[in-house]
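Student: A predicted structure for the sequence below; I have some questions about it.
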Amino acid sequence: MTTVNIFTQTIDHLLAALTRLKNHEGHVNAPSVWVDGVDEVPTPQPTLFEKYDAVKESDLPFISHLRHFRSSLTILKHERAVLFRLLDGVDGAISDMYDAYLGLELAVGIRRLPNALLSKILEFGMDFYDSYENKYPVKISQVCKRFREVALLTPSLWSKMLSHNPIVESEVFLSRSKGVSLSIYIGRPRSNKLEVLHQFLDLVTPHSARWSSLFLVSSDADVLDVLRSYPAPSLPRVTEYLTPRSLSDASALPQWELGKLVHITGHTPLPFVHWKSTLMDCHLSFDRDLDLNALSESLRDLSSLETLTVEFYGACRNNNQPFIETELEDNPLPNLKAFKFMLSDGSENGVVMDFLRRSVPLTQLVSLSITLEYDEYATVLADLIQPILLESGSYSNLKNFDFEYRAEIIDFEDLLFQMPQLEHLTIGRAGSRPIGAESVFLDDADTPWSYYQPLKTLSFLNTTDLDEAYLVALGDKLTNERNAPTFQMLCLFRCEDVDERVLRRLELRMNGKLEWTIQPEVY
């Protein structure tokens, strides 16, 4: 076969000539081309590189080389156009994402806003959980005449009562709050704390029927003595209750009857029994060594409890007293749906396991959250978390599972098999590939992820070293033909060591089913 050398200028002239000879389908009109030594030119056919390589070049006349060359250039030009269109689409998608988060600024004068709307705007500035100051309503009423008028017409701005404020200020707040529910804060004692506290109680106790939230912030012994000795007020509307930190004994709290209590945030085992039938949300946080026997006893008879949060910042022990029962009690917490559990260093794993087995019905939960604040996570996982989860049976009702750890759960897929209704999975503070072996990302029916229902959301929080190959395989698995109708979003929040360009490509690949933020670097 004769070797053909074609220069660039010759190619340009050749293409110009072929362009004039091509038909309406883009092919060269063979009868119009004369070739020396060839009586009949075969009808031109569209050919690709791989098709041409399979044909013996000696069987093709010279004109076929030209046709193949022309066809190849056309294909490359088309592919280049496709890539440019794809690039435009990516740039457009990025611009749309930025536009979606840009706020819309409207120049509207304060005088044009109706009083009801401005009142709602002012309410957003209230912080009902700040027990140290109450200056916002005063400052907002001094902005201008319009703000003052609206602030005075918004009783909820004045409904926060602090025991350490001057009594004159408390009287003003009480008068302006009119008939709305009151939030009572008792704490932050001053030098004249007892005198001010007595005056405050004398002022607000006649309005105890309006109390909706009661926050005992101070653990000062003198303050608690005054509260215990003061005539118990009637509290028919209190639904939220907070007890102070650093209490050694719950009996130091005032024995006030809270017949409508719904939410409690406490730092000691629950001391009361007469309101346990109404409690629905319980958040217990312990910053010192805790006797789990006492905690287990205090959780008895919470028949209405739906959400339980237990945070251990100190050691968890049983004071050398074994649990009376090590198996799950008959129908404990019958309505419990959500359990959040945080375990810190210094606890005895066996004692914590006994507490969970005895007091928490894991298999009836809809939402389960576990956070480990340990330096050595492998021991905790092997000795506590994996056994208690894997041995509890099938989590037939669990839809939300939130697990923050810094180690790898070896039998994680085995655990997920026990959660047939799981919809939302969150994994925090995990390194490298938080979930899934290589076989997990195959699309055939024999892979582990095919055994249970597809997830709706999968979230990684504060995760490090997520490589692109893993993310692409994970995204393809979550959006394949089986999972796509159910799956809603993959969330990567505060991730470290992840290239932003990788995340943008992944978002385009997953058709927008990706939300992500990157942990900013600290210099």
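Tutor: Nice, thanks for sending it over.
Student: only C-alpha atoms from now on, for both contacts and neighbour counts.
Tutor: OK.
Student: next SSE after the helix or strand of the chain with the lowest mean pLDDT?
Tutor: Least confident helix or strand of the chain, by mean pLDDT, DSSP states H and E, is helix 49-53 with a mean of 44. Using DSSP states H and E, the helix or strand that follows helix 49-53 in sequence is helix 62-100.
Student: show me the contact partners of the helix or strand following that following helix.
Tutor: Counting by DSSP H and E, the next helix or strand C-terminal to helix 62-100 is helix 115-123. For helix 115-123, contacts defined as C-alpha atoms under 8 Å, 6 or more residues apart in numbering pick out 140, 150, 151, 153, 154, 156, 157.
Student: highest neighbour count among these?
Tutor: residue 157 (26 neighbours; other C-alpha atoms under 10 Å).
Student: show me what contacts the residue nearest to that one when sequence neighbours are not counted?
Tutor: Leaving aside its sequence neighbours, residue 157 sits nearest to residue 137 (C-alpha to C-alpha, 6 or more residues apart in numbering; 5.8 Å). Residue 137 makes contacts with 151, 157, 158, as judged by C-alpha under 8 Å, 6+ apart.
Student: distance of the nearest residue to residue 181 once chain neighbours are set aside relative to residue 160?
Tutor: Leaving out its chain neighbours, the residue that sits closest to residue 181 by C-alpha to C-alpha, 6+ apart is residue 210, at 4.9 Å. From residue 210 across to residue 160, the span is 12 Å (C-alpha to C-alpha, to the nearest Å).
Student: mutual contacts of the two, please.
Tutor: residue 182.
Student: residue ranges for the strands of the stretch 301-450 of the chain, please.
Tutor: 307-312, 316-317, 338-344, 367-373, 400-404, 424-428 (DSSP state E, counting those that start in this stretch).
Student: how about those strands in JSON lines, adding mean pLDDT and mean neighbour count?
Tutor: Shown next, in JSON lines, are the strands of the stretch 301-450 of the chain (pLDDT from 0 to 100; neighbours: other C-alpha atoms under 10 Å):
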{"stretch": "strand 307-312", "mean pLDDT": "88", "mean neighbour count": "20"}
{"stretch": "strand 316-317", "mean pLDDT": "65", "mean neighbour count": "22"}
{"stretch": "strand 338-344", "mean pLDDT": "85", "mean neighbour count": "19"}
{"stretch": "strand 367-373", "mean pLDDT": "82", "mean neighbour count": "19"}
{"stretch": "strand 400-404", "mean pLDDT": "85", "mean neighbour count": "21"}
{"stretch": "strand 424-428", "mean pLDDT": "86", "mean neighbour count": "21"}
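Student: which one of these lies nearest to residue 127?
Tutor: strand 307-312 (22.6 Å; C-alpha to C-alpha).
Student: tell me what angle that closest one forms with strand 338-344.
Tutor: 0 degrees (axes from the mean of the first three to the mean of the last three C-alpha atoms, to 10 degrees).
Student: who does strand 307-312 pair up with?
Tutor: Sheet partners assigned to strand 307-312 using DSSP bridges are listed as strand 281-286 (parallel), strand 338-344 (parallel).
Student: using PDB, write out every CA atom in the last one.
Tutor: It stands for strand 338-344. C-alpha atoms of strand 338-344 as PDB (Å, rounded to 0.1, in the frame of the first residue of the first chain):
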ATOM      1  CA  ALA A 338     -36.300   8.700  69.200                       C
ATOM      2  CA  PHE A 339     -33.200   8.000  71.300                       C
ATOM      3  CA  LYS A 340     -30.100  10.100  71.200                       C
ATOM      4  CA  PHE A 341     -27.000   8.900  73.100                       C
ATOM      5  CA  MET A 342     -23.700  10.600  73.600                       C
ATOM      6  CA  LEU A 343     -20.900   8.700  75.500                       C
ATOM      7  CA  SER A 344     -17.700  10.300  76.700                       C
END
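Student: which residues does it contact?
Tutor: Outside strand 338-344, the residues touching it (C-alpha under 8 Å, 6+ apart) are 306-315, 365-374.
Student: swap in stretch 161-169?
Tutor: Residues contacting stretch 161-169 (C-alpha under 8 Å, 6+ apart): 131-134, 170, 173-174, 182-190, 193, 196-197, 199-201.
Student: just those residues: which are in strands?
Tutor: When DSSP state E is applied, the contacts of stretch 161-169 are split such that 182, 183, 184, 185, 186 fall in strands.
Student: ok, of those residues, which one's closest to residue 334?
Tutor: Looking across the ones in strands among the contacts of stretch 161-169 and measuring by C-alpha to C-alpha, the closest to residue 334 is residue 183, at 30.9 Å.
Student: measure how buried that closest one is and give me the count.
Tutor: Residue 183, neighbours per other C-alpha under 10 Å, totals 22.
Student: who does it bridge with?
Tutor: Beta-bridge partners, per DSSP bridges, of residue 183: residue 160, residue 213.
Student: can you verify my assumption that it contacts residue 160?
Tutor: Yes: the criterion here is C-alpha atoms under 8 Å, and residue 183 meets it with residue 160 at 4.9 Å.
Student: ramachandran angles for residue 492?
Tutor: Main-chain torsions, residue 492, degrees, to the nearest 10: phi -120, psi 100.
Student: would you mind measuring from it to residue 427?
Tutor: 10 Å.
Student: got it, and residue 77?
Tutor: For residue 77 relative to residue 427 (C-alpha to C-alpha), the value is 46 Å.
Student: what does residue 312 give?
Tutor: For residue 312, the distance to residue 427 - C-alpha to C-alpha - is 20 Å.
Student: so residue 490: helix, strand or coil?
Tutor: Following DSSP: H, G, I helix; E, B strand; the rest coil, we place residue 490 in the strand state.
Student: as a markdown table, the strands of the stretch 301-450 of the chain with distance to residue 217 would be great.
Tutor: What follows is the strands of the stretch 301-450 of the chain, written out as a markdown table (distance: least, C-alpha to C-alpha, whole Å):
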| stretch | distance to residue 217 |
| --- | --- |
| strand 307-312 | 18 |
| strand 316-317 | 24 |
| strand 338-344 | 23 |
| strand 367-373 | 26 |
| strand 400-404 | 30 |
| strand 424-428 | 31 |
